[in-house]
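Colleague: with the input below, show me the fold.
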Amino acid sequence: MAHVQDRWEKTVGGVRTKTARHGTGKRWQARYQDPDGRERTKDFARKVDAERFLTTVTSDVLRGSYVDPDAGRITFGEFADRWLHAQTFGDTTREATELRLRIHAIPTLGRRELRDVRPSVIQAWLRGLQERLAPTYVRAILTSVSSVLAAAVDDGLIARNPCRAGSVKPPRIVARKIEPWSVGQVVAVIDALPGRYRAVGAVAAGCGLRQGEAFGIRVHDIDFLHHRLRVEQQVRIVGGHLQIDRPKGGKTRVVPLAEPVAVALAEHLRSWPPDGNGLIFTSREHKPLNRNYFNSHLWRPALLAAGVRPGRSNGMHALRHFYVISPASTPVSDVRSAA
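Modeller: The predicted model follows:
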């Protein structure tokens with residue numbers, strides 16, 4: 001039965017006497033049984049605090065929401081490692097999540113016990129991240145940490161997810177206005193690429209493909225007769241190695257193939273026929289294109305040659321923005337001179 005015990009005094013034969021512990025430690029001890037029948041205790045300096053605690057814990061036991069106070073002794077780092085190992089998401093998501101946790105969460109939160117990761121700790125950690133990282137990335141890191149702590153709640157290790165507390169305020173994201181490139185910029189950059197790779201830019205700008213999707217086009221994905229292009233795979237980097245995989249989100253699609261882009265692809269195939277892997281765009285060693293090499297040694301020099309400032313906003317994805325945002329005012333046929 002739950003009750004509060006005085007550890008400093010006791011009644012013997014109707015007379016109050018001091019115990020051997022009188023004046024030592026906290027005076028009031030809350031005693032109760034957990035759902036497994038084990039007796040639990042917690043000491044308090046004030047009787048009213050012990051009584052309030054007992055009221056809360058008794059209610060939690062009856063509602064089935066009781067959390068063992070010793071369960072949260074595992075560190076965040078240990079639990080995060082177990083959580084990550086058990087996840088079933090894809091390799092790319094696993095790699096990105098592992099990187100966020102290892103680089104940005106574990107150094108600060110890793111040695112803390114789960115029960116000590118409070119909202120104030122999360123908010124202070126977020127503030128430190130915000131001083132050196134972009135708001136969008138900070139929010140992505142917070143999502144990963146919140147997923148770990150949500151699993152800890154589900155496992156009964158902690159009562160609440162501190163990331164979801166009202167006092168935790170992730171950085172505000174200011175919407176960035178995307179300004180698509182002009183036709184002149186698109187043509188200039190594509191024209192500045194080495195001949196072997198100009199059709200990569202043409203298909204990205206003319207079909208709205210992501211970089212990895214453009215790298216993953218095979219001969220049989222092109223339907224010259226019906227002017228269609230199937231987007232069924234992409235080239236990506238996982239664990240430092242090139243990998244062929246489904247498009248983002250596993251979603252394949254068919255996009256229109258404009259005549260100028262079809263011409264660019266046909267001319268490319270005449271000059272650089274594909275080898276056994278069927279990929280249209282490969283390196284000089286006939287391997288799938290590596291985005292790190294392409295961006296550093298091909299795309300960046302092309303930007304500089306075209307007078308476009310290198311930077312995140314002017315990556316190859318700018319060609320997709322060109323296709324998506326300005327299809328009406330900037331017809332795709334205008335890129336034909338670069339193909």
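
Colleague: point out where this protein drops to low pLDDT.
Modeller: Applying pLDDT under 70 to the chain flags the ranges 1, 65, 67-72, 326-339.

Colleague: domain assignment for it?
Modeller: Split into domains by automatic domain parsing, the chain comes to 3-66, 72-164, 183-338.

Colleague: quick one: closest of those to Pro171.
Modeller: If you check each of the domains of the chain against Pro171 by C-beta to C-beta, domain 72-164 wins as the nearest, at 3.8 Å. For every residue, glycine as well, the C-beta is placed using N, CA and C.

Colleague: other SSEs contacting the helix or strand containing Ala266?
Modeller: According to DSSP states H and E, Ala266 maps onto helix 259-271. Helices and strands touching helix 259-271, by 3 or more C-beta pairs under 8 Å, 6 or more residues apart in numbering; DSSP states H and E, are helix 198-207.

Colleague: now do the buried residues in the helix it packs on.
Modeller: If you call a residue buried by 16 or more other C-beta atoms under 10 Å, then helix 198-207 has these buried ones: Arg198, Ala199, Val200, Gly201, Ala202, Val203, Ala204, Ala205, Gly206, Cys207.

Colleague: how far off helix 198-207 does the helix holding Ala266 point, in degrees?
Modeller: Put simply, helix 259-271 runs at 160 degrees to helix 198-207, going by axes from the mean of the first three to the mean of the last three C-alpha atoms, to 10 degrees.

Colleague: roughly how far is helix 259-271 from the heart of the chain?
Modeller: Here the centre of helix 259-271 is set off from its chain's centre by 37 Å, with C-alpha atoms, centre = their mean, to the nearest Å.

Colleague: with stretch 206-222 instead?
Modeller: For stretch 206-222 - counting by C-alpha atoms, centre = their mean - the centre lies 25 Å from the chain centre.

Colleague: buried residues, it. List them.
Modeller: Residues of stretch 206-222 classed as buried: 206-218, 221-222 (neighbour count, 16+ other C-beta under 10 Å).

Colleague: secondary structure element holding the spatially most central residue of the chain?
Modeller: Nearest to the geometric centre of the chain sits Ala140, at 4.6 Å (C-alpha atoms, centre = their mean). Using DSSP H and E, Ala140 maps to helix 135-154.

Colleague: could you do Glu78 as well?
Modeller: helix 76-86.

Colleague: so what secondary structure elements neighbour that helix?
Modeller: helix 91-100, helix 106-109, helix 135-154.

Colleague: hmm, back to that, so what's the residue nearest to the centre of the chain closest to, chain neighbours aside?
Modeller: Arg100 (6.5 Å; C-beta to C-beta, 6 or more residues apart in numbering).

Colleague: OK, contacts around the one you found?
Modeller: Ala140, Ile141, Ser144 (C-beta atoms under 8 Å, 6 or more residues apart in numbering).

Colleague: against Val263, how distant is it?
Modeller: Distance, Arg100 to Val263, by C-beta to C-beta, to the nearest Å: 43 Å.

Colleague: do the same with Gly156
Modeller: Gly156 is 63 Å from Val263, where distance means C-beta to C-beta.

Colleague: and Arg253, by the same measure?
Modeller: Taken as C-beta to C-beta, the span from Arg253 to Val263 is 22 Å.

Colleague: so which residues of this structure form strands?
Modeller: Under the criterion DSSP state E, the chain contains strands at 3-6, 9-12, 15-18, 28-33, 39-44, 222-223, 228-231, 234-238, 241-245, 253-256.

Colleague: partner strands of the third one and their direction?
Modeller: Think strand 15-18. strand 9-12 (antiparallel) (DSSP bridges).

Colleague: on that earlier part again, winner for burial among the helices and strands packed on helix 76-86?
Modeller: helix 135-154 (a mean of 18; mean count of other C-beta atoms under 10 Å).

Colleague: any residues touching that one, and which ones?
Modeller: Contacts for helix 135-154 (C-beta under 8 Å, 6+ apart): 72, 76, 79-80, 83-84, 97, 100-101, 104-105, 109, 114, 117, 122, 126, 129-130, 133, 158-164, 170-174.

Colleague: that older thread, any chance of a markdown table for the strands of the chain, columns distance to His317?
Modeller: Output for the strands of the chain, formatted as a markdown table (distance: least, C-beta to C-beta, whole Å):
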| stretch | distance to His317 |
| --- | --- |
| strand 3-6 | 64 |
| strand 9-12 | 74 |
| strand 15-18 | 76 |
| strand 28-33 | 58 |
| strand 39-44 | 56 |
| strand 222-223 | 22 |
| strand 228-231 | 15 |
| strand 234-238 | 13 |
| strand 241-245 | 18 |
| strand 253-256 | 16 |
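
Colleague: nearest to Gly184, out of those strands?
Modeller: Closest among these, using C-beta to C-beta: strand 253-256, at 23.4 Å.

Colleague: next, Asp275: phi, psi?
Modeller: phi -100, psi -150 (degrees, to the nearest 10).

Colleague: how many neighbours does it have?
Modeller: Residues near Asp275, counting by other C-beta atoms under 10 Å, number 10.

Colleague: for it, what are its contacts?
Modeller: Applying C-beta under 8 Å, 6+ apart, we find Asp275 in contact with Thr282, His286.

Colleague: mind redoing it with 7 Å?
Modeller: His286 (C-beta atoms under 7 Å, 6 or more residues apart in numbering).
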